Every structure is written in C-alpha cells, then in structure tokens.
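>>> Let me see the structure of the following:
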Amino acid sequence: MMVRTRLTMPLVLMVLALQPALPGAQLPQSQPAPVLSSRPFELAWTLDGVKGGVAGDAKTGLIYSVASGGAEVIESDLAGTIRRRIPLTPSPGMRPIGILRLAHFAAQPTLLAFGVWTASVRAFALDGKELWSYPNPAEPSTGIDDVNVVDLDGDGTDEVIIGFNGSTGVHVIDSTGRLTWQSTSIGNVWFVSGGDVLGTGRAQVVTTSAAGGVHVFSDNGAERKDIRPTFYAHMVRAGRIPETARTATIVAGGTVGEVTTLAALSGSGVMQWSLRLPSTHNSAVATAWLAPTKPWLAVSTREGAVHVVDVLRGVIIGSMGSPEPRVEVGWSGSEPDGSPLLLVAGGGTLTAYRVVAGTR
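Residues are numbered from 1 along each chain as shown. I've put the predicted structure just below:
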C-alpha cells in the first residue's frame, strides 16, 4: 500500500449550459457554456489497494474506504496517510463488502457496509466489531439498492434509510438496527436521501422508485408527496444549499431518451434549473454525493465519467473520464481553506482531488 502525490493531472473538461425549466415544461436544449477553467481539478494524492466503498467524515476529516478483498476498511486522513486498517468481524456467511456509508449514532461514527442487491446492511464500530445487521440475513430479501443516513427526529443521532429492489420498498431503522417504519407503496427504490425539503423543521425521507418520480415521505412515513420531473428520475440527493438555507434542495438525476439530466427541485416540485450531462453511450448515474461545505454535487456515471456540478448555478465545474467502467465518488471533510476533497474510488485506487474552479 502506498500514497503517491503529484501537483496536477491532465483532465478532460466538458461544460454544459444552464437552461431554466419548469415542472411539466419541455426540457430545454443544452447549449455550450463558457469554460470555467481548463484545470478544474488538482490531484492531491492517491492511495493504492482500495476496492471502493469510500465515505468521508465531515466532522473529523477522516476517510474510510474498503480495502481490496472486502474484508477490512482503511482509515486515512486528509493527506492520504493511512492511520489504521480495520479488520471486520462479520457474521458467518457474510459476503465481502463493497459499499460504505458513515452514520453518527449518539455522536459515535459507525460504518454501514452493504453491496448492491445484497440481502442486508451491516453496522460496524470503528474497531471492526459488528453491531447489527438489517434485515436479518436469514430472512428473505429482495436486495438493497441504496442506503443513506439522516437525523429525522432531531435528536442528534442518525436514522438509516434503506431502499430495496423489487417490492420491499423503503425502510427506516434506528441506530440499533430496529425498524422504525416502512412503506411498500413504492418499489425498486433506486436512491434514498433525506433533508427538510418542505421547511417543516423536521427532515423528510426523499427517494426515487420504479415510477420514475421523486417521493417525499414525512419523518414518520405517514404522509407521502410525489414530484414528477420532466424526465424519468433515478437518482436523488437532498441537502441545504447553501448550508444557511431555510429548506433543503432536492437534486434529481434521470434520463430523457439516452441522455442523462440533472435538475434542482424544491420540495413542492418547482424546478430551479436543469442540465444535461455529456456522454458517449451509457451516462446513467451510478453514484452521487453533495459536498459538506460547498454547493457542489459529485456524480459518477456507468460509463466511468465523473462530473462536479455547481448546484447553486446549475453548471458543470468540470468533468473527467476514467479507465474503469464504474467508479464511486464521495467527499472528505474540509481542508484548511474550507473546501472538501473530491474522492474517486475504483480500479484498486482511491484518488483525492482539490476542486480549484468555481470555488466560493
């Protein structure tokens, strides 16, 4: 395992125009936008021996990634230095993990490990001890599509949102792995997220589904509001943009024909902007994460491209290709200048970049 450091790296920059759109209106044609920078990203460091599954802790600045083999997690700092390796102690018969999420349960960081279409998500303490799994691996499961965390009741402890493939729907569990509520009114819950998009003072659960829309559930799951963008929505993320905003913004991604589109939506479904991602053949969104301290969205597509979008303006800051067919993206905590590092995991390597264009 080693860390390699360089100053810059040639990148392929692709930029699209911002075109306003309203819910139900025809999606506008994209136009070339001004180039924001010829070098939007600066290579900070690379870490070898990483399978994927990257998750950054905005509170501590520590970064967690799944080591090759999927049996341990690597903890590294903002400089790319390995602090420790965390061997996992899973239940018998557990498959190697591939994807990580980081939750804060009573202020204690906890790793959530799962894989796409695996039967359950498992929680691990930072010493590698397994705390619980949900659902029980012995129970039938249609497989997991996505996992996310949000503090729904405002008590300072995250709840875990699980989107299942098939008819199992969306489940919300507490920090002990106990079911809080579930809804089987939607199926194929591709992406899950959460935030106070309605301005009620409590976060809501926000998902997509096989219906191609965005669904906003109340914090207790008793109510559901449906938003139908002008495209088939597959991905969704929610967050306060900027962090001082009264309500959270929904960022949805989906397809119009063979073109992938991103759009920012209010909780009432008003479209603030939309843009189309450049693609060659398969640009469907694979992973997407909002930065913790900047109005940036990192997106990776199934063709291996990575894009960073300014969510306030609805423009692409920069894009780069990858030799891998699929990579995962994430964000670290903030460096001294207040900006997080863009994290890209795939092909046995975790790479960290500084976003040097469009900073605020």
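
>>> helices and strands of the protein: which one bottoms out on pLDDT?
One helix or strand of the chain scores below all others by mean pLDDT, DSSP states H and E: strand 3-4, with a mean of 43.

>>> After it, which helix or strand is next?
Note on strand 3-4: by DSSP states H and E, the next helix or strand toward the C-terminus is strand 41-48.

>>> quick one: strands adjacent to that following strand?
In the sheet, strand 41-48 lines up against strand 3-4 (antiparallel), strand 349-355 (antiparallel) (DSSP bridges).

>>> which residues sit against the longest one?
Meaning strand 349-355. Here strand 349-355 makes contact (C-beta atoms under 8 Å, 6 or more residues apart in numbering) with 9, 40-48, 50, 54, 63, 65, 74, 76, 80, 294, 296, 308, 317-318, 332, 335, 339, 341-345. C-beta here means a position set from N, CA and C on the backbone, and glycine is covered the same way.

>>> if we go to 7 Å?
Contact partners of strand 349-355, identified using C-beta atoms under 7 Å, 6 or more residues apart in numbering, comprise 40-48, 50, 54, 65, 80, 296, 308, 317, 332, 339, 341-344.

>>> Please compute how far that strand lies from its chain's middle.
Distance of strand 349-355 from the chain centroid (C-alpha atoms, centre = their mean, to the nearest Å) equals 16 Å.

>>> now it: mean pLDDT?
The pLDDT scores in strand 349-355 average 96.

>>> Next: stretch 277-290.
Stretch 277-290 shows a mean pLDDT of 83.

>>> Give me the buried positions along that stretch.
277-279, 283-290 (16 or more other C-beta atoms under 10 Å).

>>> What of stretch 207-220?
Neighbour-count burial for stretch 207-220, with 16+ other C-beta under 10 Å as criterion, is recorded at 207-209, 212-219.

>>> Let's see that stretch as CSV, backbone CA atoms only.
Below are the C-alpha coordinates for stretch 207-220, written out as CSV (Å, rounded to 0.1, in the frame of the first residue of the first chain):
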residue,chain,number,x,y,z
THR,A,207,-36.5,8.6,-2.7
THR,A,208,-36.9,7.6,-6.3
SER,A,209,-38.6,4.4,-7.5
ALA,A,210,-39.7,2.4,-10.5
ALA,A,211,-42.4,5.0,-11.1
GLY,A,212,-39.7,7.4,-12.3
GLY,A,213,-40.7,10.2,-9.9
VAL,A,214,-39.3,11.7,-6.6
HIS,A,215,-41.1,10.8,-3.4
VAL,A,216,-41.1,12.9,-0.2
PHE,A,217,-42.1,11.0,2.9
SER,A,218,-42.8,12.7,6.2
ASP,A,219,-40.3,11.9,9.0
ASN,A,220,-42.7,9.2,10.4
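
>>> Contacts for that stretch, please.
For stretch 207-220, contacts defined as C-beta under 7 Å, 6+ apart pick out 152-153, 163, 170, 181, 183, 186-192, 197-198, 202-206, 224-229, 232-236, 250, 252, 254, 265, 267.

>>> what does stretch 53-67 give?
49-52, 73-78, 85, 97-102, 109, 111, 292, 328, 330-333, 343, 345, 350.

>>> how about the buried residues of stretch 207-220, which pair is most distant?
Largest separation among the buried residues of stretch 207-220 by C-beta to C-beta: G212 and D219, giving 24.4 Å.

>>> that older thread, now, of the contacts of stretch 53-67, which are buried?
49-52, 73-76, 78, 97-102, 109, 111, 292, 328, 330-333, 343, 345, 350.

>>> Am I right that S167 is in a helix?
Yes. Assessed by DSSP: H, G, I helix; E, B strand; the rest coil, S167 belongs to a helix.

>>> That one - nearest residue in space that isn't next to it in sequence?
G187 (4.7 Å; C-beta to C-beta, 6 or more residues apart in numbering).

>>> Would you report which members of the buried ones among the contacts of stretch 53-67 are assigned to helices?
Assigned to helices by DSSP state H, none of the buried ones among the contacts of stretch 53-67 qualify.

>>> The residues you listed in strands, which ones?
Using DSSP state E, the subset of the buried ones among the contacts of stretch 53-67 located in strands is 50-52, 73-76, 99-102, 109, 111, 328, 330-333, 343, 345, 350.

>>> low-confidence ranges in the stretch 201-350 of the chain?
Flagging of the stretch 201-350 of the chain using pLDDT under 70 yields the residue ranges 280-282, 323.

>>> Now G213. Nearest residue, chain neighbours left out?
R228 (4.6 Å).

>>> now swap in T184 and tell me
Nearest non-adjacent residue to T184, counting by C-beta to C-beta, 6+ apart: G169, 3.9 Å away.

>>> who's in contact with the residue nearest to T118 when sequence neighbours are not counted?
Once flanking residues are discounted, T118 sits nearest to I144: 5.7 Å by C-beta to C-beta, 6+ apart. Counting by C-beta under 7 Å, 6+ apart, I144 makes contact with 114, 116-118, 121, 162, 164.

>>> Give me the number of neighbouring residues for T200.
Other residues within reach of T200, judged by other C-beta atoms under 10 Å, total 12.

>>> Distance-wise, check it relative to G52.
From T200 across to G52, the span is 36 Å (C-beta to C-beta, to the nearest Å).
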